[in-house]
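**Q** my questions concern the predicted model and sequence given below.
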Amino acid sequence: MAALGAGLAAGAQAPAAGAPYSLLSREGRRPVSTRVAGGQEMFALDELARLFNLTVEEDALAGGLTVSTPSQTIVLTPGQPLASVGGRLISLPASPVREGGTWLVPVDFVARALAPSLGTPLELRKPSRLILLGDIRVPRVAAAIDPPGGRLARLRLDVAPATPHTVTRENARLLIRFEADALDATLPASSVPDLIAGVRPGEGAAVIVVELGPRFGTFRTSEQPGDRGGTRIVIDVLAETTDAPPETPGEPAPADPTPPPLLDLVPAGAVRTVVIDAGHGGEEPGARGPNGTAEKDVTLSVARRLKASLEARLGVRVILTRDADQTVELDERAAVANNNKADLFISLHANSSVRPAASGAEVFYLSLAEYGDQADRVARGDSEALPVFGGGTRDIEVILWEMAQARYIEESATLAEAVEAALRGRVPMSPRALQQAPFRVLVGANMPAVLVELGFISNPEQERQLTSEAFQTALVQALVESVVRFRDARSARPTGGTTARPGGPGAPR
């Protein structure tokens, strides 16, 4: 290579170091240093060459710089704020500058000259100092907190483009998880510290954390269409309602002759807590599709979406048996539901078959055929006479762990029927859409419980569907609708014992 130019003119100020950019790609995040020359931010051409696999040559005779990409050639001329890309002239905000043995080009060179000639997606975002390389998803998120209004604080997030996400609560914070590789986020300082103590980036690459204040009571979420294919996420944080109004002096109220109601009387059919079980996880990937999609990833994605939708639409408490790629034993899953006094247990899975054409969702509730007469006694609510201290006996209901589901078979059947009906209106169903089977994950659940096979991951077309946003949204909408149907059916049903239905074949899960 031959040297070009005579360097900086006498008396000219040497380029100063500037704040770096970040290059985001599938390989991770890398800093890209900048220099400031003549009021313009510059990148070192040799650093760009290393990052983007470019070849840079100086041509002393022609008086130019040649930058070669795998598909095109870019020609730069010192002293000229222009670039020739495949013979087409493109203006630049400044001409190349030589600093010692390094040539500097304005940062806009990346967007105006390099991006059209690189042959792979390349985007420069100057306000956030990002360079995006390749097929990665980095939505812009602009967040703001509206002025407080009494018991309400409202957080607005404008997301472009619209990106699938979930909003879940973990202790004293809300987690907003986006299905993205990273976020280009502008976050506000809190103006309502008693309700929203702070908004900050989360531990993951695409997570925003909302720290809740001391007066937090509950929250609700909604979405609105945004500009240019974007969306607006609205999160309302509401204060507790336990504060009683101050008493004012005056005549005492007359005594109410009716006795006060008993505490903790719940309306018939109430559904307050739902446990969602994302099947498999950790060292147990479950079934795999022809293109390598793991069942554990599909179930976790749908479980997170379902949790957010149930909390936002019905205001119920939702607990996930796992919220990460972790191993959870089968018996632990029902134990999570039992320990949290759940009203419903829904286990999510993806089916597999040796027949690639097999497709459609299926819904299961427990079969008691293999448990015999003991299951019938439990389902009828029969009790045993046990001796007690001081003599005599007392009728006690003794239910073994593996018999816990037996007394909820009728309600589990009702739930399964509601799920099957709701799914049928939105997604393809298997010819055997509603079945009974002795799934291990269901036997210990001490509440109505179902297992949902979301589709056949072994079917190439269904594998593609199961990973798509539209299909997962349809599944979640159907499951939310089924909870509403079950709740309404339970409210209308007179209280009483349950009866076990005939069992059917199946394999433990």
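**A** Done, it's in.
**Q** domains of the chain?
**A** 16-133, 140-239, 273-492 (automatic domain parsing).
**Q** which one of those is the most hemmed in?
**A** Most buried of the domains of the chain, by mean neighbour count (mean count of other CB atoms under 10 Å): domain 273-492, with a mean of 19. In short, each C-beta sits where N, CA and C put it, glycine included.
**Q** now do the end-to-end distance for that one.
**A** Its start and end residues considered, domain 273-492 measures 19 Å (CA to CA, to the nearest Å).
**Q** hmm, back to that, could I get the domains of the chain as JSON lines with mean pLDDT?
**A** Below are the domains of the chain laid out as JSON lines (pLDDT from 0 to 100):
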{"stretch": "domain 16-133", "mean pLDDT": "89"}
{"stretch": "domain 140-239", "mean pLDDT": "88"}
{"stretch": "domain 273-492", "mean pLDDT": "85"}
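**Q** give the contact list for R29.
**A** Applying CB atoms under 8 Å, 6 or more residues apart in numbering to R29 gives the contacts 22-23, 182.
**Q** swap in V354?
**A** Here V354 is in contact with S458 (criterion: CB under 8 Å, 6+ apart).
**Q** kindly provide the distance from it to S430.
**A** 15 Å (CB to CB, to the nearest Å).
**Q** repeat that for F178.
**A** F178 is 32 Å from S430, by CB to CB.
**Q** again with A197
**A** According to CB to CB, A197 and S430 sit 48 Å apart.
**Q** what are the ranges of the helices in the chain?
**A** 45-52, 108-109, 115-118, 295-314, 330-339, 372-380, 409-424, 440-443, 460-466, 469-492 (DSSP state H).
**Q** can you lay out these as CSV showing distance to V192?
**A** Shown next, in CSV, are the helices of the chain (distance: least, CB to CB, whole Å):
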stretch, distance to V192
helix 45-52, 43
helix 108-109, 40
helix 115-118, 41
helix 295-314, 20
helix 330-339, 33
helix 372-380, 51
helix 409-424, 38
helix 440-443, 42
helix 460-466, 40
helix 469-492, 29
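**Q** so for V237, which of those helices sits nearest?
**A** Nearest to V237 among these is helix 295-314 (12.7 Å), distances taken as CB to CB.
**Q** ends of stretch 131-145, what's the gap?
**A** Start and end residues of stretch 131-145 are separated by 28 Å (CA to CA).
**Q** likewise for stretch 187-204?
**A** End-to-end distance for stretch 187-204, by CA to CA: 16 Å.
**Q** name the nearest residue to N338, sequence neighbours excluded.
**A** N446 (4.8 Å; CB to CB, 6 or more residues apart in numbering).
**Q** what's the one you found sitting at in phi/psi?
**A** With angles defined as degrees, to the nearest 10, N446 shows backbone torsions of phi -90, psi 50.
**Q** that one against E411, yeah?
**A** No. N446 is beyond contact range of E411, at 11.6 Å (criterion: CB atoms under 8 Å).
**Q** show me where the stretch 101-250 of the chain has strands.
**A** Counting by DSSP state E, counting those that start in this stretch, one finds strands in the stretch 101-250 of the chain at the ranges 102-106, 122-125, 130-133, 140-145, 152-160, 165-170, 173-178, 184-186, 196-201, 207-212, 216-225, 231-239.
**Q** ok, the nearest residue to I276 once chain neighbours are set aside - contacts?
**A** Closest residue to I276 apart from its sequence neighbours, by CB to CB, 6+ apart: A303 at 4.7 Å. A303 makes contacts with 276-278, 320, 348, as judged by CB under 8 Å, 6+ apart.
**Q** ok so, going back, which one of the helices of the chain lies closest to A358?
**A** When the helices of the chain are compared by CB to CB, helix 460-466 sits nearest A358, at 8.7 Å.
**Q** can you show me the CA trace of that closest one as PDB?
**A** Coordinates of each C-alpha in helix 460-466 appear next as PDB, following Å, rounded to 0.1, in the frame of the first residue of the first chain:
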ATOM      1  CA  PRO A 460     -43.000 -29.600  10.200                       C
ATOM      2  CA  GLU A 461     -45.900 -27.300   9.600                       C
ATOM      3  CA  GLN A 462     -47.100 -27.400  13.200                       C
ATOM      4  CA  GLU A 463     -43.500 -26.900  14.400                       C
ATOM      5  CA  ARG A 464     -43.500 -23.700  12.400                       C
ATOM      6  CA  GLN A 465     -46.900 -22.700  13.800                       C
ATOM      7  CA  LEU A 466     -45.900 -23.400  17.400                       C
END
